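[1] fold the following.
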Amino acid sequence: MYRKRIRVFQEAKNIKTGKKRDGLLTRYSDIEKDIEDEELKEMIHRKSSNMIEEEKMFMVPIDLIRQVAKIGLGLAGQNTTDMDKKTVKLLSPRFMSILSDSKKDEQNKTIDILSPSLFSLHDSGTEIEKKTSLKSLLAAAGGSTDSQNLLDFLVEATGVAEAVEDAEQKMIDAQRKKDDAIGRGPDGQPLYFTKENITERFPSEAKKIELFEELDKTYSIEQLKDMNQTGYTVLNPKQMQMMYGKKSPFKNSRLLRAYKNMTTAEIHLAIHRTIKDVADEKLKFEVRQKDIVLSPVVNTALINDPKTASQALILSPAVMVALVNSPAVFGSVILSPWLFVPLILSPRILSPVILDPFMFVPIILSPVVLDPVVLSPGVFNPFVLSPLVMCPFVLSPQVMTPLILSPFALTPLILNPLALSPIILSPFVLSPQVLSPQYISGLFLSPYALSPAIESTGAMFTVFASPSWLS
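    Sure thing, here's the model as predicted:
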């Protein structure tokens, strides 16, 4: 069915134009000059220049809705100049809004079609918005004092004031965490982790790095052959003393005494016996969870492995790693970019993502709870059937990151631009947008409440059948 629909869109596109580059992508290119964020502008330009056919077809329904609206407005005698750069709201009324679009610039950038603002908690905005506001209706029925008291009660009872305060506090906390995690130099520039500043900030970790560097220099030719053939080798007494002696961060006197009294053959035999006992379930293998530091993970799969998925990743990029049925708890990801890492049936809880760019990370049937995303830009990271709760996105621009059948709550966007990232059949609540414009995106069949957009005017944003309440 999916391929059939794609084929229908393809035929429609081919009939519409025979140009080398279709008009839809040309408009995407033209919109770049209206985007102030240079990083986001570059991401949109790069992505729109390399879109595959199926990605182009994905944008055809959005373009179709905008074209129908443009033709209808033109026939009605309305001005459709620069409509491609404006936000179109269709069949998406706002109920009990707390902010008005009274600014002239915002009104000029938004086209409302059968999308009035009704029963607002203020008396400003358009003429219809003023006349149908609760303050005006109550003033007509009673005194102005009674109407103001009722409005104050509604604002307090619905928690609007608390929601705004929580959003401000989250922004302050996120900024504090960012400063604590990165630190800044004398001139205010951010510090990036290298061996030198790890030595300064985390001396114990630096000692481990230096220890492995020294150990690597002591391998004999036979040991290197063993490493290449079997993946491991037996250390000689001097190397064991280096690794597990009193001056080592891995000091273990009991292990050192046991291995010193064993020959190489006995160590090999003990390893084989241990592996056999684990396979026969005669030996319960337990290990304390440790962070994965400076250890890239490449071309592997974690299936039914919540223990590994819950380990923190620090300075450890992940490439071509599939997580299937592997829930994660306290699995923080810090300075560890992800590339081609699908999450399927792998919920994540209390696993913040900090300074971690990620690309092509589809999240399918994987609820995400208490996972803030901070300073982590992303490209093509669709959320499908994956609800989000208390997952603020802060300074983490996203491109081609749609939310499909993924409701979310308490997930604010703060200084977080979006592009080519529609929200489809995904209701949301208590998720304000603060300084987070959306470009070439849409909101389809996704009602929302208590989620105002504050200074978040984008371009080419389409709202369809998505009523709002107290937003």
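
[2] only C-alpha atoms from now on, for both contacts and neighbour counts.
    Noted.

[3] surely residue 295 and residue 315 touch.
    Yes - using C-alpha atoms under 8 Å, residue 295 is in contact with residue 315, at 7.4 Å.

[4] neighbour count: these two, which is higher?
    residue 315 (20 against 14; other C-alpha atoms under 10 Å).

[5] what sits against the more buried one?
    Residue 315 makes contact with 293, 294, 295, 296, 334, 335, 336 under the criterion C-alpha atoms under 8 Å, 6 or more residues apart in numbering.

[6] just the buried subset of the residues you listed, please.
    Neighbour-count burial (16 or more other C-alpha atoms under 10 Å) is assigned, among the contacts of residue 315, to 293, 334, 335, 336.

[7] export those to a markdown table and tack on secondary structure, distance to residue 384 and pLDDT?
    As requested, those are exported to a markdown table (DSSP: H, G, I helix; E, B strand; the rest coil; distance: C-alpha to C-alpha, whole Å; pLDDT from 0 to 100):
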| residue | secondary structure | distance to residue 384 | pLDDT |
| --- | --- | --- | --- |
| 293 | strand | 30 | 83 |
| 334 | strand | 24 | 92 |
| 335 | coil | 25 | 92 |
| 336 | coil | 23 | 92 |
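
[8] rounded mean pLDDT for the host helix or strand of residue 168, please.
    Residue 168 belongs to helix 160-182 when assigned by DSSP states H and E. The predicted model assigns helix 160-182 a mean pLDDT of 72.

[9] begin at 45 from now on, thanks
    Shifting the count to begin at 45 puts that one at helix 204-226.

[10] and which of the contacts of residue 359 is nearest to residue 299?
    Distances from residue 299 to these, taken as C-alpha to C-alpha, are shortest for residue 337 (23.4 Å).

[11] for the closest one, list each beta-bridge partner.
    With DSSP bridges as the criterion, residue 337 is bridged to residue 358.

[12] who's in contact with it?
    357, 358, 359, 360.

[13] burial of the last one, as a residue count?
    In other words, residue 360. 20.

[14] ok, it - contacts?
    Residue 360 makes contact with 336, 337, 338, 339, 340, 341, 379, 380, 381, according to C-alpha under 8 Å, 6+ apart.

[15] got the phi/psi numbers for the residue nearest in space to the middle of the chain?
    The geometric centre of the chain, computed from its C-alpha atoms, lies nearest to residue 417 (C-alpha atoms, centre = their mean), at 5.8 Å. Backbone geometry at residue 417, expressed as degrees, to the nearest 10, gives phi -110, psi 110.

[16] show me the contacts for it.
    So residue 417 contacts 396, 397, 398, 435, 436, 437, 438, 440 (C-alpha under 8 Å, 6+ apart).

[17] change it to 6 Å
    Residues near residue 417 by C-alpha atoms under 6 Å, 6 or more residues apart in numbering: 397, 437.

[18] could you give the bridge partners of it?
    residue 397, residue 437.

[19] where does the stretch 45-194 of the chain have low pLDDT?
    For the stretch 45-194 of the chain, the stretches with pLDDT under 70 are 45-85, 87-89, 91-93, 95-102, 145-152, 185-192, 194.

[20] could you pull out the helices for it?
    Remark: helices assigned in the stretch 45-194 of the chain by DSSP state H, counting those that start in this stretch are 46-60, 67-75, 82-93, 97-102, 104-119, 148-152, 171-175, 178-185, 188-201.

[21] and for the stretch 245-394 of the chain?
    Using DSSP H, counting those that start in this stretch, helices in the stretch 245-394 of the chain cover 247-261, 265-274, 281-288, 297-304, 308-323, 350-353.

[22] which one of those lies nearest to residue 124?
    Closest to residue 124 of the helices of the stretch 245-394 of the chain, according to C-alpha to C-alpha: helix 350-353, at 51.5 Å.

[23] buried set for that closest one?
    Under 16+ other C-alpha under 10 Å, the buried positions of helix 350-353 are 350, 352, 353.

[24] neighbours of the residue nearest to the first one when sequence neighbours are not counted, how many?
    Leaving aside its chain neighbours, residue 350 sits nearest to residue 370 (4.4 Å; criterion: C-alpha to C-alpha, 6 or more residues apart in numbering). Residue 370 is flanked by 22 other residues according to other C-alpha under 10 Å.

[25] how close does residue 370 get to residue 416?
    As judged by C-alpha to C-alpha, to the nearest Å, residue 370 and residue 416 stand 20 Å apart.

[26] circling back: of the contacts of residue 337, closest to residue 410?
    residue 357 (18.9 Å).

[27] ok, of the contacts of residue 337, which one's closest to residue 450?
    Nearest member of the contacts of residue 337 to residue 450, counting by C-alpha to C-alpha, is residue 357, at 25.9 Å.

[28] if I pick the closest one, what's in contact with it?
    336, 377.

[29] how much space between the residue nearest to residue 350 and residue 110?
    41 Å.

[30] check residue 386 too.
    For residue 386, the distance to residue 110 - C-alpha to C-alpha - is 33 Å.

[31] over to residue 157?
    Counting by C-alpha to C-alpha - residue 157 and residue 110 are separated by 11 Å.

[32] phi, psi of residue 307?
    Residue torsions, per degrees, to the nearest 10, at residue 307 are phi -80, psi 170.

[33] pull the number of nearby residues for it.
    Residue 307: 12 neighbours (other C-alpha under 10 Å).

[34] again with the one 4 residues further on
    If you count neighbours by other C-alpha under 10 Å, residue 311 ends up with 14.

[35] so who does it touch?
    Residue 311 touches nothing, counting by C-alpha under 6 Å, 6+ apart.

[36] tell me the domain boundaries of this structure?
    Structurally, the chain divides into domains by automatic domain parsing as follows: 46-201, 239-323.

[37] tell me the contacts of residue 347?
    Here residue 347 is in contact with 368, 369 (criterion: C-alpha under 6 Å, 6+ apart).

[38] that one bridge partners, please.
    residue 368.

[39] distance-wise, check it relative to residue 173.
    54 Å.

[40] same question for residue 485.
    Distance, residue 485 to residue 173, using C-alpha to C-alpha: 26 Å.
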